[in-house]
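Enquirer: Below: sequence and its predicted model.
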Amino acid sequence: MQSRSILIPLGGVVLACMAVLNPGAAVAVEPVAVAVADFDYIDPTGGVMEQERVVAERLRTLAQQVREGLDQSDRYRVVLLECAPGPCSAGRTDPAELLAKAKAVGARLLVFGGIQKMNTVIQYGNAEVVDLEADLLVFDRNIAFRNDSDEAWHHAAKFLVAELMKENLVR
């Protein structure tokens, strides 16, 4: 019984030593600055012109939902990209300029991608993340979703955020 009474105070000493030897363990980690570019869209099916406004709104909403999903985590702090005139996307902005704009607003990571309509039922796309400090592609994921509805696009955004959160994007 006497050895048990020695172990209890000894355990406290061990924990105190661990805290002293690893001071970073108790310090909160600063959220990583991430810029989410607008997503591009390709419709090789020759979609109706009136759909362009609907698609533009869905693309805007998709990017906004990804921004909000990342910003709500403790790991990321979203910084906003600004391009004139029009969207900041990998397909519409010169790549060197897009990278420079992301760095200028203090981003460590840049998320970008695009969606392509395959037919009236299936859409697929790709999302990528570049670590601007390491100059390295750290995330490359294909996404696909069925249906061309606001709900389907919303689920695609949630899926993408979940996939981004699974990864350690800063190495």
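Expert: Now that the structure is in, tell me what you want to look at. Numbers count the residues shown, from 1 in each chain.
Enquirer: any weak-confidence spans in this structure?
Expert: For the chain, the stretches flagged by pLDDT under 70 are 1-28, 47-50.
Enquirer: all strands for it, in order.
Expert: Assigned by DSSP state E, the strands in the chain fall at 32-36, 40-42, 76-79, 109-117, 122-131, 136-146.
Enquirer: Now render those as TSV, adding mean neighbour count and distance to Glu97.
Expert: The way it works is simple: take the backbone N, C-alpha and C, and place the C-beta from them, glycine included. As requested, those are exported to TSV (neighbours: other C-beta atoms under 10 Å; distance: least, C-beta to C-beta, whole Å):
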stretch	mean neighbour count	distance to Glu97
strand 32-36	23	13
strand 40-42	17	15
strand 76-79	20	16
strand 109-117	23	12
strand 122-131	19	14
strand 136-146	14	18
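Enquirer: Which of these sits closest to Asp94?
Expert: Asp94 sits nearest to strand 109-117 of all those, at 12.9 Å, using C-beta to C-beta.
Enquirer: Partner strands of the closest one and their direction?
Expert: strand 32-36 (parallel), strand 40-42 (parallel), strand 122-131 (antiparallel) (DSSP bridges).
Enquirer: And those strands: which comes nearest Ala63?
Expert: Across the strands paired with strand 109-117, Ala63 has its closest neighbour in strand 32-36 (5.7 Å, C-beta to C-beta).
Enquirer: next one: the closest one to chain centre, how far?
Expert: Remark: strand 32-36 is offset 7 Å from the chain centroid, using C-alpha atoms, centre = their mean, to the nearest Å.
Enquirer: can you list contacts of that strand?
Expert: 63, 66-67, 70, 75-81, 101-102, 105-112, 129, 169-170 (C-beta atoms under 8 Å, 6 or more residues apart in numbering).
Enquirer: can you check stretch 51-65 too?
Expert: Contacts for stretch 51-65 (C-beta under 8 Å, 6+ apart): 36-41, 43, 47, 87, 115, 150, 153-154, 156-158, 161.
Enquirer: now the strands of the chain in a markdown table, with distance to Thr93?
Expert: A markdown table is the format used below for those (distance: least, C-beta to C-beta, whole Å):
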| stretch | distance to Thr93 |
| --- | --- |
| strand 32-36 | 12 |
| strand 40-42 | 10 |
| strand 76-79 | 16 |
| strand 109-117 | 9 |
| strand 122-131 | 14 |
| strand 136-146 | 18 |
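Enquirer: Quick check: the closest residue to Met165 other than its chain neighbours vs Leu164, distance?
Expert: Among residues not flanking Met165 along the chain, Ser73 sits closest, at 6.3 Å (C-beta to C-beta, 6 or more residues apart in numbering). Per C-beta to C-beta, to the nearest Å, Ser73 is found 9 Å from Leu164.
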